[in-house]
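Colleague: next comes the sequence, and after it the predicted model I'd like to discuss.
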Amino acid sequence: MVGPESIFISLKRNKTVLATILVIPVSVLLIGFLLPQLSAPDTTVNDQGEVVPLDDVTRSQLVDDRRKTWAQIAVGIIVMLGVLATFRRTSATERTVHLLQEGQITERFTRAIDQLGSDNTAVCLGGIYTLERIAKDSPNNDHRQVMEVLTAYVRENAQWIEPAEGEENQEERPSTVIQAILTVLGRRNADSDGPDDRLDLSNTNLQRANLEVLSLARANFAYAHLEGAFLLDANLEGAYLPSAHLERAFLSGAHLEGARLLGAHLEGANLYIAHMERASLSAAHLEGAILIDAHLEGAFFSDARLEGAYLSGAHLEGAILYAAHLESVNFEHSEGLTKQQLDTALWDEHTQFPEGFEPPPMRQN
């Protein structure tokens, strides 16, 4: 905020500028009034080349003309100084407004953090949405900090805790506060993310969370638990999901292009028409997963477990199936599948291939 000292300095500067505006043109006017009188000649040269005295009328006219010229100069200087003063005053005002805005954002940020730590759900939600507004109002200075605060809250308050021996995983939905934060993260302005920014939601418990249509590209979900989560049409391009748990998750139409799912668990997941081009699924578990009409061009399935998965109509151009388990997989109507892709893959008599496709000799464990 602007204090008394700042106001005093501003007034002092304004007085200095005002004095400059007045002194310079007044000085020019005084010079312009006196100098023509003192410097005007008393004689002139006539047509015959003779030096003759200058009459009073002509001399007065000459002095007046010179004074008019000096007056015009003085007016020009006043105008120029006025423009300069206006520019300086405008710049000072803009700086003051900017400082006030920064101060207000800092105050709002601090208050929102306090609200976020409240035990009252309504107060906590108010803090979350205030932080979201701050990120939008100050994308260059505060967007990253807001995202870091919100993701840190989720990691702290929705941390995955392994069930005790003999206890079952209840798969409870996230709390209202955690769900609200996930929604805010997913609808952020991703253009404000830095080139190295990545939402860190690793090792979190987000079972049955609603992430439908949200933008979580490049997010870090390493070791996160998302069993039964709703991710329909979600944007997870380039996301980091090693060893993540997505069993029975709904990923229809989701974008997972270039995502890293090494060792991820996708048993029974619904990936109907999902986009997984160039995704890395090495050693991933996709037993019984639904990949009907999914886009798997260039995806890596080395050592992946796909037993009983449904890949009918899937696009497999360039997919790597090295040592993949394809027992009882349904490849009917799939596109782009070649013998070379199956040279090292493991399949059995229950594996269904597209009509007319001649697979290589059967390989089993």
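Modeller: Now that the structure is in, tell me what you want to look at. Numbers count the residues shown, from 1 in each chain.

Colleague: enumerate the positions of stretch 357-365 that are buried.
Modeller: Pro359 (16 or more other Cβ atoms under 10 Å). Quick note: C-beta positions are derived from backbone N, CA and C, even for glycine.

Colleague: show the average pLDDT along that stretch.
Modeller: For stretch 357-365, the mean pLDDT works out to 83.

Colleague: who's in contact with it?
Modeller: Here stretch 357-365 makes contact (Cβ atoms under 8 Å, 6 or more residues apart in numbering) with 327, 331, 337, 339, 342-349, 351, 353.

Colleague: now with 6 Å?
Modeller: 339, 342-343, 346, 348, 353 (Cβ atoms under 6 Å, 6 or more residues apart in numbering).

Colleague: how about stretch 139-154?
Modeller: 131, 134-135, 178, 181, 185, 192, 199-201, 204.

Colleague: which SS state does Arg155 fall under?
Modeller: Of the three states, Arg155 takes helix under DSSP: H, G, I helix; E, B strand; the rest coil.

Colleague: list the contacts of it.
Modeller: Applying Cβ under 6 Å, 6+ apart to Arg155 gives the contacts Thr204.

Colleague: tell me the spacing between it and Leu182.
Modeller: Here the criterion is Cβ to Cβ, to the nearest Å. By it, Arg155 lies 12 Å from Leu182.

Colleague: likewise for Ala74?
Modeller: Going from Ala74 to Leu182 by Cβ to Cβ gives 68 Å.

Colleague: tell me which of those two has more neighbours.
Modeller: Taking other Cβ atoms under 10 Å, Ala74 and Leu182 do not tie; Leu182 has more neighbours (25 against 20).

Colleague: pretty sure that one is in a helix, no?
Modeller: Yes: judged by three-state DSSP, Leu182 forms part of a helix.

Colleague: need the contact list for it.
Modeller: By Cβ under 6 Å, 6+ apart, Leu182 lies in contact with Ala209.

Colleague: distance of it from Ala209?
Modeller: 6 Å.

Colleague: and Thr121, by the same measure?
Modeller: Distance, Thr121 to Ala209, using Cβ to Cβ: 17 Å.

Colleague: looking at these two, which one has more neighbours?
Modeller: Using other Cβ under 10 Å, the more surrounded residue of Thr121 and Ala209 is Ala209, with 26 against 12.

Colleague: would you confirm that that one contacts Arg173?
Modeller: No: with contact defined as Cβ atoms under 6 Å, Ala209 does not count as touching Arg173 (7.1 Å).

Colleague: burial measure for Gly258, as a count.
Modeller: Neighbours of Gly258 (other Cβ under 10 Å): 19.
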